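Chemist: return atomic coordinates for the entry below.
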Amino acid sequence: MKAFIKNLLLVIILIGVIFIYFKEYKPKIEKYNKLKREEQEIIKELNALKLKVDSLSEKKQDNIAKYTYESIQKELKTDSIRVWKTGEGLKFEVNERKIFMRKKSIPTKEGEKMLGKLLSNITNVKGNIKIEILVDSLDKNGRLKIDRGIYILKQMTGKYGIARDNVEISIVLVKKGLSGINIELK
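Modeler: This next block holds a predicted model:
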């Protein structure tokens with residue numbers, strides 16, 4: 001009889017273990033595996049989205065680097081505006097003396113044409129624009145540079161329809177001889 005009770009207890013324990021396994025443990029393992037598969041799918045989708053975003057940002061850079069650089073380089077074959085590539089986009093150095101009237105913040109007729117070509121090309125590129133006014137002092141000459149930078153900003157936002165939110169303007173105090181106006185596309 002003792003052997004029978006031992007065997008019965010073993011069978012009851014075995015049935016209990018099997019019951020617990022199928023009732024508690026197995027559903028949790030299945031749920032865990034399901035969550036793990038979902039996590040892998042989400043990671044796969046996130047990686048695909050990251051690749052898509054990366055490719056879009058490269059296309060934006062390609063757009064800035066190829067279209068703008070080449071077209072502006074062709075159109076602005078002049079020493080009035082210097083163009084070069086940066087790590088983030090393009091930078092334009094405006095030669096104020098050749099664009100604006102002497103001691104005024106109004107461009108010459110030829111300068112207006114050059115600014116027009118530059119700004120019309122910039123409007124074709126979507127992105128942020130930074131106007132950087134470099135002044136070596138805040139005397140009349142420094143204020144004139146600031147007025148010229150503001151003139152360019154007004155032309156961008158008014159005449160050429162660039163959204164004001166996309167344009168940043170900054171004034172930077174620099175060492176003597178390094179002053180000027182730069183426009184940067186990012």
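Chemist: least trustworthy helix or strand in the protein by mean pLDDT?
Modeler: Among the secondary structure pieces of the chain, namely its helices and strands, helix 69-75 has the lowest mean (mean pLDDT, DSSP states H and E), a mean of 62.
Chemist: for the protein, give me the ranges with low pLDDT.
Modeler: Applying pLDDT under 70 to the chain picks out residues 52-80, 84-85, 87-89, 124-126.
Chemist: that one: strands as residue ranges?
Modeler: 81-85, 90-94, 129-135, 167-173, 180-185 (DSSP state E).
Chemist: need the ones you listed in JSON lines with distance to Gly142 and mean neighbour count, can you?
Modeler: For glycine as for every other residue, the C-beta is placed from the backbone atoms N, C-alpha and C. Conversion of these to JSON lines gives the following (distance: least, Cβ to Cβ, whole Å; neighbours: other Cβ atoms under 10 Å):
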{"stretch": "strand 81-85", "distance to Gly142": "21", "mean neighbour count": "15"}
{"stretch": "strand 90-94", "distance to Gly142": "16", "mean neighbour count": "20"}
{"stretch": "strand 129-135", "distance to Gly142": "4", "mean neighbour count": "20"}
{"stretch": "strand 167-173", "distance to Gly142": "9", "mean neighbour count": "14"}
{"stretch": "strand 180-185", "distance to Gly142": "12", "mean neighbour count": "20"}
